[in-house]
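# sequence-free structure coming up:
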């Protein structure tokens, strides 16, 4: 029997069509006076921001809109936005967008009750004081940031991507309306969907996994594997869109407790050095990292393959590699770019590999003792 383990889940989730109509009541329940709504340009262009703002106005609050969300938020944008939020005396945040937007809101929230700079909170459990209420409204199905305790930020000075992990950061309430993902183009649907698959499979094989996390990770993976190709092929397939958003919430509960591994260590470094979108970076290396990890967790690799009905032979040495092969086929079918197609060259691989070895997330990887040569081998395969 395994020793006792913690499973943390905190978000109050409102899921389904027209869930946005719950927003005014949420704001009133907090007795909100000054609310900051954060979103990016694509959310504005899709008309989603206007829908959210219209509902927020029904609560009779003062609204401050920050529409300058960027991919992979930096320390600088966090501190700039926090300065604005303090000036406007914000008491509730509403984040409308993908992982970058929700992560930005989480990080800004830290600085409402804790001193700058934000980089000092990198690591696990470093945030000292409780934060303000945060309502997350995801518009992508991939990051699970809406239900997790993780913030990913880009440190432009250190040229690295780092994470803040603290249960205080988990959004209090989530409005998950699959209709808000309808306008995602196929390439974004594919990349964010592969990010979701990465969360599910990496957390399932994590050395921090428990029966509770494994259940969520495995179920999320089954949902993604079946529905991601459908959502990419037809963005108006709302059954597939709904399932993808549901899977993100389920898998989010898993990986926020079990953590992730080498795929994310490589993806963080690729994003920091070459500004690759997080999902695209994960997708490019996922099959090869899973192949690398297979020898350390063959039983779990077979369980993942079995969960999506891959044809097992009964020989564990063969079957442990079924999943990496299937994931490679999936990335090709979804037209995920290789590293070389992103402009990365052989001469760049050395500095990337060195950066990966500094990633704390490697501590949760099932195969320990990762070397620079190991990372170089994976990167070369992903070229």
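Now that the structure is in, tell me what you want to look at. Treat the numbers as computed from the prediction; the structure is a model and nothing was measured.

# hey, let's count contacts and neighbours off CA atoms from now on
OK.

# Just the residues contacting stretch 361-372, thanks.
202, 205-208, 259-262, 264-265, 293, 295-297, 353-354, 357 (CA atoms under 8 Å, 6 or more residues apart in numbering).

# For ChimeraX, write a command that selects the buried ones of those.
Only the buried entries of the contacts of stretch 361-372 go into this ChimeraX selection, using 16 or more other CA atoms under 10 Å:
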select :202,205,206,207,208,259,260,261,262,264,265,293,297,353,354,357
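
# Out of the contacts of stretch 361-372, name the ones that lie in helices.
If you go by DSSP state H, those have 202, 205, 262, 264, 265, 293, 353, 354 in helices.

# what two of the residues you listed are the furthest from one another?
Spatially, the most separated pair among the ones in helices among the contacts of stretch 361-372 is 205 and 354, at 23.9 Å (CA to CA).

# Can you pull the phi and psi angles for the residue lying closest to residue 261 once chain neighbours are set aside?
In this structure, residue 261 finds its nearest non-sequential neighbour in residue 365, 4.3 Å apart by CA to CA, 6 or more residues apart in numbering. Here is the backbone geometry of residue 365 (degrees, to the nearest 10): phi -70, psi 140.

# what's the neighbour count on residue 365?
25 (other CA atoms under 10 Å).

# any idea how far it is from residue 209?
10 Å (CA to CA, to the nearest Å).

# same question, residue 10
19 Å.

# who has more neighbours, those two?
For the pair residue 10 and residue 209, the greater number of neighbours falls to residue 209 (23 against 16), based on other CA under 10 Å.

# What residues does the residue nearest to the more buried one when sequence neighbours are not counted make contact with?
Distance criterion CA to CA, 6+ apart; nearest residue to residue 209, sequence neighbours excluded, is residue 258 at 4.7 Å. Residue 258 sits next to 203, 204, 206, 207, 208, 209, 210, 213 when contact means CA under 8 Å, 6+ apart.

# Swap in 6 Å and give it another go.
By CA atoms under 6 Å, 6 or more residues apart in numbering, the residues touching residue 258 are 203, 208, 209.

# Likewise for residue 290?
residue 324.

# Check the secondary structure at it for me.
Secondary structure state of residue 290, per DSSP: H, G, I helix; E, B strand; the rest coil, is helix.

# and the gap between it and residue 213?
Where residue 213 is concerned, residue 290 sits at a distance of 19 Å (CA to CA).

# do the same with residue 277
26 Å.

# Of the two, give the one with the bigger neighbour count.
Per other CA under 10 Å, whichever of residue 277 and residue 213 has more neighbours is residue 213, with 27 against 18.

# which residue sits closest to the more buried one, ignoring its sequence neighbours?
Nearest non-adjacent residue to residue 213, counting by CA to CA, 6+ apart: residue 254, 4.2 Å away.

# helix, strand or coil for the one you found?
Under three-state DSSP, residue 254 comes out as helix.

# need the contact list for it.
Counted by CA under 6 Å, 6+ apart, residue 254 has contacts 213, 216, 217.

# Wait, a strand at the second one?
No: with three-state DSSP as the criterion, residue 216 is located in helix rather than a strand.

# quick one, helices of the stretch 201-350 of the chain?
211-233, 238-258, 262-274, 278-293, 298-307, 316-319, 322-333, 349-356 (DSSP state H, counting those that start in this stretch).

# mind checking which of those helices is nearest residue 17?
helix 238-258 (9.2 Å).

# just how off-centre is the closest one within its chain?
Centroid separation between helix 238-258 and its chain, computed with CA atoms, centre = their mean, to the nearest Å, is 10 Å.

# Now do it against helix 211-233, angle only.
150 degrees (axes from the mean of the first three to the mean of the last three CA atoms, to 10 degrees).

# and the gap between the residue nearest to residue 209 and residue 107?
Counting by CA to CA, the gap from residue 258 to residue 107 is 21 Å.

# got it, and residue 237?
Distance from residue 237 to residue 107, by CA to CA: 34 Å.

# Assign a three-state SS to the most centrally placed residue in the chain, would you?
Central residue of the chain (CA atoms, centre = their mean): residue 143, 2.5 Å from the mean position. When classified by three-state DSSP, residue 143 comes out as coil.

# Mind pulling up the pLDDT for it?
pLDDT for residue 143: 89.

# what about the spatially closest residue to it that is not a sequence neighbour, neighbour count?
Spatial nearest neighbour of residue 143, excluding adjacent residues (CA to CA, 6+ apart): residue 99 at 5.4 Å. Around residue 99 there are 27 other residues, counting by other CA under 10 Å.
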